[in-house]
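# predicted model follows, preceded by the sequence.
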Amino acid sequence: MGKRLFFWELGGFLFTAAAGALLYGAYGWGGRWTAAFSSVNGSTWEHMKLLFVPVFLFSLVQICLLGREYPHLPAARACSALFGLALIPVLFYTYTGVLGYRLPWADGALFLLADLGTFWLDFRLLRRSRRTALWRQVLGLAALWGLAFCFVWCTFRPPDLALWQDPAWIGPGLPAAAASLPGD
C-alpha cells in the first residue's frame, strides 16, 4: 500500500510540474478564456495559481480513485496544498529580499520546491493512515474549493497588494496596480 501511494504522489508531483510549466504560457496562447487557470502575469499570486490548479485537478482524480483506501485524503491534501502555496511567497520574498532582484531560474526552482513540498507532506500525512472525523474531510474539501474560487476571483479582481503585482512591471514611473489583465 505504501509503494502504491508513493507512485501516486510521485505522479502528482510530475503532473503538477508539467502542468504548471504549460500553464505558465497558456494565457499567451489562449487569451482571456485561459486566465482563470493560467498565469496572466509574473505576480507571486499567479505563480501560486500555477501550483494550485494542477494540484486541485490531481486531487479530484485522486479522491475519486483512492477515496475509499485513503478516506482522510481531502484533509491531508488541503493541508499539503496550503503548505506548498505558503512556500512560494516565503521563498520568493526571502531570496529576492536577500539578492535585491529576481532570477528566472530561481523562480522555476522555487516552484519545483513548492511542488515537492506539497506532495512530500501529502505522502507523510497519508501514510499515517489515520481515519479522521468526517468534519475534517468536509473542511478539507471546502478549503480546496474555496481556494479554487479565490484564485479565479482574484485573477479578475486582484487586490492592490504586492502579492498580486507583477514585480517586473513595478518601477519608477510605472503604475503600482500592475496585476490587472493585459489588454483591460
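Yep, that arrived.

# buried ones in the helix or strand encompassing residue 63?
Element membership for residue 63, per DSSP states H and E: helix 44-66. Residues of helix 44-66 classed as buried by neighbour count (16 or more other C-beta atoms under 10 Å): 44-59, 62-63. Any C-beta I mention is one placed from the backbone N, CA and C, and that applies to glycine too.

# helices or strands up against that helix?
Packing contacts for helix 44-66, counted by 3 or more C-beta pairs under 8 Å, 6 or more residues apart in numbering; DSSP states H and E, involve helix 2-30, helix 73-99, helix 104-127, helix 134-156.

# so which of the ones you listed comes closest to residue 36?
Nearest to residue 36 among the helices and strands packed on helix 44-66 is helix 134-156 (4.7 Å), distances taken as C-beta to C-beta.

# residues making contact with that closest one?
The set of residues external to helix 134-156 that reach it, using C-beta atoms under 8 Å, 6 or more residues apart in numbering, is 35-37, 40, 45-46, 48-49, 52-53, 56, 59, 71-72, 74-79, 81-82, 85, 164, 181.

# what's the nearest residue to residue 83 if we skip its chain neighbours?
Take residue 83 and drop its neighbours on the chain: the residue closest to it by C-beta to C-beta, 6 or more residues apart in numbering is residue 121, 5.1 Å away.

# next, count neighbours for that neighbour.
20 (other C-beta atoms under 10 Å).

# any idea how far it is from residue 133?
Counting by C-beta to C-beta, to the nearest Å, the gap from residue 121 to residue 133 is 20 Å.

# residue 63 contacts residue 74, doesn't it?
Yes: at 6.2 Å, residue 63 counts as touching residue 74 under the criterion of C-beta atoms under 8 Å.

# was I right to think residue 72 contacts residue 126?
Yes: Residue 72 sits in contact with residue 126 when judged by C-beta under 8 Å, with a separation of 7.2 Å.

# now do the same contact list for residue 5.
Contact analysis of residue 5 by C-beta under 8 Å, 6+ apart lists 70, 123, 126-127.

# same thing but at 10 Å, please
Taking C-beta atoms under 10 Å, 6 or more residues apart in numbering, we find residue 5 in contact with 66, 69-70, 122-123, 126-127, 129.
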